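Trainee: Just a sequence and a predicted model for now, questions to come.
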Amino acid sequence: YQWPNYVMDELEHLLVDTDGFNDGGFKRAITPCTNYVGGNQTLGRQTSAQWLRAAFHDFTTANIAAGTGGIDASIQFETDRPENSGAAMNDSMGFFSPFANAHVSMADLIALSVVTSVGGCSSPTLRILLRGGRIDATEGGETGVPEPESSLEETLAISAKTGFNQSDLIALTICGHTMGSVHHAGFPQVVPESAVTPDNLGGAIHFDATPGIFDHNVVHEYLSWEGQRGGALVTTENITVRSDLRLFTSDNNATIQRLATSQDYFKQSCVDLFTRMIDTVPSNVHLTEVITPNVVKPVNVSLSLDNNGGVVFSGYIRLLSASFSDAVTVKISWLPEGAIATASLLHTGGSLFGNTLYYGFSIPVESISSFTITVTDGKHPRTFDNNGNGYPIQDNVFFLPDLSSTDEDGNVVIKAAVLTSTKPVNVSANIAVPTRMIGALGPRIDHVVVQLSPEETLGAYTIFGASTSVESMHVDQTTVDIVASYAGVTTSHSDKFRRLRSQTIRL
Ligand code: HEM
């Protein structure tokens, strides 16, 4: 892993920053795990469970042999199919949509939702390893999600196409059916109207006594025939739709009995199967390496100009507190100047991986091409140098968020600073615009390129600018790459993946 890696950095942020300062806002939807983010709590719906179900429905039309389907967000085009009945698909896609951008696909958000749901609703926290790089489908894919009415043979045949054998599917199903419910709304053939009450308007019947906890309760209640006895897909009076009972007994309960041996075995089996599920992707997709929480991470690091044209280097260094003892000092040194400055602890946040500490800095610099971070706790300094390369940053061209703007009507003003002496032949802005699609709640990312023109000089820099208009579905996820190219040399300089509407850091 080399910083920056926009896909990994963004997903890491949504995975790790879940409370306090710099909260990415993703996990909030499932806090507490019984929460329903899409509306009234009396509907009997649960977002953490909906995310698992939506991921399964996206995944299960994969055809491994053909290299198609899997986690590709094709589900967002398929929500009106009877096989995708219920609120889970649209509720989930509607929640994910404002998180998608040039580097985070809806499909990656589906994978993240499984990791977040299982991690956030288990104790101790279960870690499903997350990778990024999934590509969103631009239309619906194959049909074939198993339904309560599906025969065992049909269901197993669908599963075989995804690479999951009978025992895998039994286990995956009960791993999913430990969270949430079957609802009269959506499945009246399974759940009778009598389940509907004033504080359970959707008529939810839980799979087990702990629908908001990722645990093996469902296995015990099913085997001992107590409590929810495995839920409505086992116990319903309508024999045709007892799909879980048909599936679980298809190997004489051998898989379920194995899962009952211990909580740890159940959880580890589920983690393995969920990992396989979210990593099932079309054959043209190459997933990133595993995204692990960064012990030390540069956040919102950028350059700006002061009123006299001096360059200011600012941002935060995020530390995972669990990796350090108390009394930490954080120093940043940068090349080619060879200078050092101290960052100060300004904010804290929370995560499933322990607290986060944000050390801020805002430093005038002469010139900068890379930096390293030295963290000292107790007596031991540790230098983080991005695998020996230093964290790269360049001062030839950079976006100026303070002077740029975008509004709800789509008017965009972009300004960038360009080192005058470098004499670029072209300075352009590549704007990545989340754009509404017909038939899906998530965006397609369109790219709009505009040329920037020189406007004024400030110190050693020339301010370049342009105005345009774009139709963005989510203004906060509209991002820009500023690229300067030069005569006679093939190299260019760029300042990438900057939010047009960003929270500028002021110290
Ligand atoms: C194998 C065949 C399967 C069938 C026929 C099936 C069917 C169903 C049905 C009918 C519901 C009720 C939905 C609602 O009322 O909103 C449901 C809920 C659910 N399913 Fe499955 N399912 C299957 C496998 C799976 C698998 C493999 C997973 C997990 C990876 C999963 C995860 C869930 C979850 C979490 C819920 C609760 C959703 C909520 O509370 O909103 N299911 N399933």
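Mentor: Done, it's in. Numbering: from 1, shown residues only.
Trainee: Identify the residue spatially nearest to the spatially most central residue of the chain, adjacent ones excluded.
Mentor: Central residue of the chain (C-alpha atoms, centre = their mean): residue 109, 3.9 Å from the mean position. Nearest non-adjacent residue to residue 109, counting by C-beta to C-beta, 6 or more residues apart in numbering: residue 96, 4.1 Å away. No exception for glycine: its C-beta is placed from N, CA and C like everyone else's.
Trainee: unless I'm mixing things up, the one you found is touching residue 111, no?
Mentor: No: contact criterion C-beta atoms under 8 Å: residue 96 and residue 111 do not qualify, at 10.6 Å.
Trainee: Comparing those two, which residue is more hemmed in?
Mentor: The residue with more neighbours, out of residue 96 and residue 111, is residue 111; 29 against 26, by other C-beta atoms under 10 Å.
Trainee: Can you name the residues that contact that one?
Mentor: Residue 111 makes contact with 55, 71, 130, 131, 132, 134, 278, 279 under the criterion C-beta atoms under 8 Å, 6 or more residues apart in numbering.
Trainee: contacting residues around the fifth one?
Mentor: In this case it means residue 132. 7, 8, 10, 11, 104, 108, 111, 287, 288, 291.
Trainee: hmm, who's touching stretch 150-170?
Mentor: The contact list for stretch 150-170 (C-beta under 8 Å, 6+ apart) reads 59-65, 70, 144-146, 172, 243, 246-248, 250-251, 254-256, 273, 276, 280.
Trainee: Kindly write the ChimeraX command that selects the buried subset of those.
Mentor: Selection of buried members from the contacts of stretch 150-170 for ChimeraX, criterion 16 or more other C-beta atoms under 10 Å:
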select :59,60,61,62,63,70,144,145,146,172,243,246,247,248,250,255,256,273,280
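Trainee: The contacts of stretch 150-170 in helices, which ones?
Mentor: Residues of those located in helices (DSSP state H): 59, 172, 243, 246, 247, 248, 254, 255, 256, 273, 276.
Trainee: How about the fourth one, nearest residue that isn't a chain neighbour?
Mentor: Once flanking residues are discounted, residue 246 sits nearest to residue 152: 4.9 Å by C-beta to C-beta, 6+ apart.
Trainee: How confident was the prediction at the one you found?
Mentor: Looking at residue 152, its pLDDT stands at 98.
Trainee: burial measure for it, as a count.
Mentor: Using other C-beta under 10 Å, residue 152 has 14 other residues around it.
Trainee: could you check the distance from residue 314 over to residue 6?
Mentor: 20 Å (C-beta to C-beta, to the nearest Å).
Trainee: Mind checking which of the two has more residues around it?
Mentor: residue 314 (20 against 16).
Trainee: what about the more buried one, is that helix, strand or coil?
Mentor: Reducing the assignment at residue 314 to three states with DSSP: H, G, I helix; E, B strand; the rest coil gives strand.
Trainee: Is it in contact with residue 305, as I believe?
Mentor: No: distance between residue 314 and residue 305: 11.5 Å, which falls outside the contact criterion (C-beta under 8 Å).
Trainee: For the residue in the stretch 201-350 of the chain that the ligand sits nearest to, which non-adjacent residue is spatially closest?
Mentor: As assessed by C-beta to the nearest ligand atom, the ligand sits closest to residue 243 within the stretch 201-350 of the chain, at 4.1 Å. In space, and not counting its chain neighbours, residue 243 is closest to residue 148: 4.5 Å by C-beta to C-beta, 6+ apart.
Trainee: That neighbour belongs to a strand?
Mentor: No: read with three-state DSSP, residue 148 is coil and lies in no strand.
Trainee: Around it, count how many other residues there are.
Mentor: 19.
Trainee: Backbone dihedrals for residue 318, both of them.
Mentor: phi -90, psi 130 (degrees, to the nearest 10).
Trainee: typo on my end, residue 114
Mentor: The phi/psi pair for residue 114 (degrees, to the nearest 10) is phi -70, psi -50.
Trainee: dump the residue contacts of it.
Mentor: By C-beta under 8 Å, 6+ apart, residue 114 lies in contact with 51, 52, 55, 128, 274, 277, 278.
Trainee: Contacts only, for the last one.
Mentor: Same thing as residue 278. Applying C-beta under 8 Å, 6+ apart to residue 278 gives the contacts 55, 59, 71, 110, 111, 114, 115, 128, 130.
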